[in-house]
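Student: can you look at this prediction? I've put the sequence above it.
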Amino acid sequence: MDATTADAIFRPAVPPRRTGGPLALLPFLWISWRDPIRMWSERHFTEPQLHGNSAFGEILVVSHPEGVRHVLTENAANYVKGDLQRRVLGPMLAEGLLLTEGEVWRRARRILAPLFTPAKMATLNARMAEVCQARVAGWSLSARGRVLDIDSEMSGLTFDILSATMFSDELGGEARGFERALNQFLANGARIDPLDVLGAPDWAPRLGRLASFRSARFFEQRVTTLVEARRARIEAGDAPPDDLLSALLLARDENGGPGLSDEEVAANILTFILAGHETTARALGWTLHLLSRQPEYLARLQSEADAFDVSDPKWADALPWTRAVLDETMRLFPPAPTMARKALADDEIGGQPIKAGATVIISPWILQRHSLLWDDPDAFKPERFLPQNRKSIDRYAYIPFSAGPRVCIGAAFAIQEAMIALASILRVAEVEALTTVEPRPVHQITLRSRDPMRLRLRARRP
C-alpha cells in the first residue's frame, strides 16, 4: 500500500501567514493576546534567521539547526528563559523545573533525573496500558459509532494515566475538575497579557489572571493537600505507594544536599500536569484528527495495534508506523510551539552579533515547517520518521521536547504514553471525520484547536 502518492498527500490547514514587515506595537500586543502563532510572517518560514529591533528591544528569530544547537546546547549557559514566561506561568509554576534557572534548576534536575530514566519509565508500561484499555472500554463503542469530543477524551485519558502512575489513583474521580480548571487556566491565565509584555509591575491587575484565579487556586490547593498527606504518611513510617509522588518526596541530591521541599514537589507536580498531561493530550488529539483524514495510515497503525503486546520488552520496536505518525504529528503541531531565551552576554549566532539582553526566539512551529529544512513542509508524511529515514533529520531541526541541557525530562514518559494510548485505541476503533472543515490551531501555551475537535469512533469489525 502506497500512502504517499500525490493524490493521497494531506496538508492540514494552518492560519494565514503575514506578508508585511515587523508588527507595530498595538497589532503585536493584540496578536500576542489572541494567538501568538499568527504573528509569524512568510519570511520566517523561508529565511534561516531574522534579526530586528522593536519596542521591546533586540530580537533574533533562529530557524536553522546550527543556531538552535548553539543556543540550546553549545552556549546554553548564556541563554535563560526570559521574564515574560515567568510572568505568565510563575503564579503556578515558579518553583518548578520549567521556570527555575542556575543552581536551583541544576539541583532540581539532579534530583529528578533518576526518576525519569528509560528503565524507570519502562516499569510504568503495564499500568499505562491498563488505564488506556479501561478508558477505551468505557466508550462502549458500537458498529454505529459514537461521536467524541477528542480534546476532552484525550485530556481525560492522559490525566487518568498521570493519576495512576504519579498518585496511585489517589485523585479518584477528579479528572473532570482538573480538566475544567486546566482549560480555564490555559484560555485565560496562560495568555500573554499586554501588561506582561510591557513589563508592568506584578501588582498591576491582569484580566486573564483575575479570570483564572479560581482555577489556579484549585490546582494549588488540591496538589498541596496531596503532598502534605503523602509526606505525613512517610514521616509516620507507613510504607507509601511506589509511585512518582513518593519518589519526589524521597529523592535526595546526589551531591549531599537536601531533597525537594514540599513547595518544590507541588510546583513540579503542577509542571508535570501542564507540561506532561496537557501536551501529550494535545499530541494525541492532533494525531487522531490526522488519521481520520488519512485512512491509509490509519490501517497501518491498526495492523500494528493488533499485534501490540506491552509485556514484550521490545514492544516499541514493533510499532514503527505508530511512532512515525506521532512524530510527524508533533512536527506539524508541536505541543509547545515557541521558546524564548534572553542572552546574558553578547554573542554571535549565524553570523549575526547580538547584545546582552537580546531576546532569542526558537519556534518549533517555524523550525519544523521551514522550507529550507523539510521537503513539502506542510504535508503530513509520517514516512519521514521511519527508522531508515530518521537518520537524515538533523537533531536540531526537530525539537518537540526542546534539546540540550533543558530537554524535557519527561520525554520518554510522554512518548511511551502516547504510543500505548494510540495502540489501545486503534486496536478496537475506526476513526472517522465528521466534517471537511479543518480545525484551526491556536497557541495557548500549548497548541490547541480553537474549537473542540469531534470525531466518530466505531467499533472495528472482528
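Tutor: Yes, it's here. Numbering: from 1, shown residues only.
Student: please enumerate the helices of the stretch 301-450 of the chain.
Tutor: Using DSSP state H, counting those that start in this stretch, the helices of the stretch 301-450 of the chain run over 320-332, 364-367, 387-390, 411-426.
Student: quick one: contacts of the third one?
Tutor: Helix 387-390 is contacted from outside by Pro320, Glu383, Arg384, using CB atoms under 8 Å, 6 or more residues apart in numbering. For the C-beta atoms, the positions are set from N, CA and C on the backbone; glycine is no exception.
Student: could you do the second one as well?
Tutor: Residues from elsewhere that reach helix 364-367, judged by CB under 8 Å, 6+ apart: 37, 40, 44-45, 61, 63, 68, 334, 336-339, 373, 397-400, 443, 447.
Student: rounded mean pLDDT for it, please.
Tutor: On average, the pLDDT along helix 364-367 is 97.
Student: buried residues, it. List them.
Tutor: The neighbour-count check on helix 364-367 (16 or more other CB atoms under 10 Å) flags Pro364, Trp365, Ile366, Leu367 as buried.
Student: could you export it as CSV, CA atoms only?
Tutor: The C-alpha trace of helix 364-367 is given here as CSV (Å, rounded to 0.1, in the frame of the first residue of the first chain):
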residue,chain,number,x,y,z
PRO,A,364,9.3,24.6,16.7
TRP,A,365,6.2,25.8,14.8
ILE,A,366,8.5,27.6,12.4
LEU,A,367,11.6,25.3,12.5
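Student: how far off centre is that helix?
Tutor: Computed by CA atoms, centre = their mean, to the nearest Å, the chain-centroid distance of helix 364-367 equals 14 Å.
Student: next: the third one.
Tutor: What separates the centre of helix 387-390 from the centre of its chain is 23 Å, taken as CA atoms, centre = their mean.
Student: nearest residue to Ile362 other than its sequence neighbours?
Tutor: Met339 (4.9 Å; CB to CB, 6 or more residues apart in numbering).
Student: got the helices of the stretch 301-450 of the chain as CSV, with distance to Leu291 columns?
Tutor: Compiled in CSV, the helices of the stretch 301-450 of the chain are given as follows (distance: least, CB to CB, whole Å):
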stretch, distance to Leu291
helix 320-332, 7
helix 364-367, 21
helix 387-390, 20
helix 411-426, 8
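Student: what's the closest of those helices to Gln133?
Tutor: Closest approach to Gln133 among the helices of the stretch 301-450 of the chain is made by helix 411-426 (5.5 Å; CB to CB).
Student: summarise which helices and strands the closest one is packed against.
Tutor: With contacts taken as 3 or more CB pairs under 8 Å, 6 or more residues apart in numbering; DSSP states H and E, helix 411-426 sits against helix 118-122, helix 125-137, helix 150-166, helix 279-293, helix 295-306, helix 320-332.
Student: ranking these by mean pLDDT, which is last?
Tutor: For the helices and strands packed on helix 411-426, mean pLDDT drops lowest on helix 118-122, to a mean of 84.
Student: which residues are in contact with that one?
Tutor: Residues from elsewhere that reach helix 118-122, judged by CB under 8 Å, 6+ apart: Pro114, Pro313, Ala412, Phe413, Gln416.
Student: now do stretch 283-302
Tutor: With contact meaning CB under 8 Å, 6+ apart, stretch 283-302 is reached by 1, 3, 8, 10, 12, 150-151, 154, 157-158, 321-322, 325-326, 328-330, 332-333, 335, 380, 382, 414, 418, 421-423, 425-427, 430-433, 439, 447, 449, 453, 455, 460.
Student: could you do stretch 306-319 as well?
Tutor: With contact meaning CB under 8 Å, 6+ apart, stretch 306-319 is reached by 122, 125-126, 128-129, 304-305, 323, 416, 419-420, 423-424, 427.
Student: buried ones in it?
Tutor: By neighbour count on 16+ other CB under 10 Å, the buried set for stretch 306-319 is Phe308, Val310, Trp315, Ala316, Leu319.
Student: quick one: end-to-end distance for it.
Tutor: Counting by CA to CA, to the nearest Å, you get 10 Å between the two ends of stretch 306-319.
Student: numbering from 31 from now on, please.
Tutor: All right, first residue 31 from here; so that's stretch 336-349.
Student: run the chain-centre distance for that stretch.
Tutor: Centroid separation between stretch 336-349 and its chain, computed with CA atoms, centre = their mean, is 24 Å.
Student: can you give me how far the top helix by length along the chain is from the chain middle?
Tutor: Secondary structure of the chain per DSSP state H: the longest helix is helix 243-265. Mean-position distance between helix 243-265 and its chain equals 24 Å (CA atoms, centre = their mean).
Student: sorry, back to before: can you pick the most crowded of the contacts of helix 417-420?
Tutor: Using other CB atoms under 10 Å as the neighbour criterion, Arg414 leads the contacts of helix 417-420 with 19 neighbours.
Student: Ala354 is in contact with that one, correct?
Tutor: Yes: look at Arg414 against Ala354 with CB atoms under 8 Å: they come within range, at 7.4 Å.
Student: picking that back up, and of the helices of the stretch 331-480 of the chain, who's closest to Arg137?
Tutor: If we rank the helices of the stretch 331-480 of the chain by CB to CB, the stretch that ends up nearest is helix 441-456, at 20.7 Å.
Student: which non-adjacent residue is nearest the residue nearest the centre of the chain?
Tutor: Nearest residue to the geometric centre of the chain (CA atoms, centre = their mean): Thr309, 3.1 Å. Take Thr309 and drop its neighbours on the chain: the residue closest to it by CB to CB, 6+ apart is Pro365, 3.6 Å away.
Student: please list all residues in contact with Leu53.
Tutor: Ile61, Met69.
Student: pLDDT at it, what is it?
Tutor: Residue-level confidence at Leu53 comes out at 73, pLDDT.
Student: just Asp37 next, same as before
Tutor: pLDDT recorded at Asp37 is 52.
Student: repeat for Leu129
Tutor: 70.
Student: circling back to that earlier point, which one of the helices of the stretch 331-480 of the chain lies closest to Glu258?
Tutor: Closest to Glu258 of the helices of the stretch 331-480 of the chain is helix 441-456 (CB to CB; 24.8 Å).
Student: now the closest one, how far from the centre of its chain.
Tutor: In terms of CA atoms, centre = their mean, the centre of helix 441-456 is found 14 Å from the chain centre.
Student: show the average pLDDT along it.
Tutor: Averaged across helix 441-456, the pLDDT comes to 95.
Student: okay, now the unreliable bits of this structure?
Tutor: Within the chain, the ranges that satisfy pLDDT under 70 run 31-37, 60, 62-63, 85, 112-125, 201-206, 209, 213-246.
Student: what about the strands in it?
Tutor: Along the chain, counting by DSSP state E, strands occupy 79-84, 87-92, 109-111, 176-179, 369-373, 377-379, 382-384, 389-392, 459-463, 471-474, 476-479, 484-489.
Student: partners of the fifth one, with directions?
Tutor: By that I understand strand 369-373. With DSSP bridges as the test, strand 369-373 is paired with strand 109-111 (antiparallel), strand 389-392 (antiparallel).
Student: before we move on, back to that, dump the strands of the chain to JSON lines, plus mean neighbour count and distance to Ile423.
Tutor: Converted to JSON lines, the strands of the chain look like this (neighbours: other CB atoms under 10 Å; distance: least, CB to CB, whole Å):
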{"stretch": "strand 79-84", "mean neighbour count": "14", "distance to Ile423": "20"}
{"stretch": "strand 87-92", "mean neighbour count": "20", "distance to Ile423": "18"}
{"stretch": "strand 109-111", "mean neighbour count": "20", "distance to Ile423": "23"}
{"stretch": "strand 176-179", "mean neighbour count": "15", "distance to Ile423": "33"}
{"stretch": "strand 369-373", "mean neighbour count": "20", "distance to Ile423": "19"}
{"stretch": "strand 377-379", "mean neighbour count": "17", "distance to Ile423": "22"}
{"stretch": "strand 382-384", "mean neighbour count": "15", "distance to Ile423": "25"}
{"stretch": "strand 389-392", "mean neighbour count": "22", "distance to Ile423": "17"}
{"stretch": "strand 459-463", "mean neighbour count": "20", "distance to Ile423": "27"}
{"stretch": "strand 471-474", "mean neighbour count": "22", "distance to Ile423": "22"}
{"stretch": "strand 476-479", "mean neighbour count": "22", "distance to Ile423": "20"}
{"stretch": "strand 484-489", "mean neighbour count": "19", "distance to Ile423": "29"}
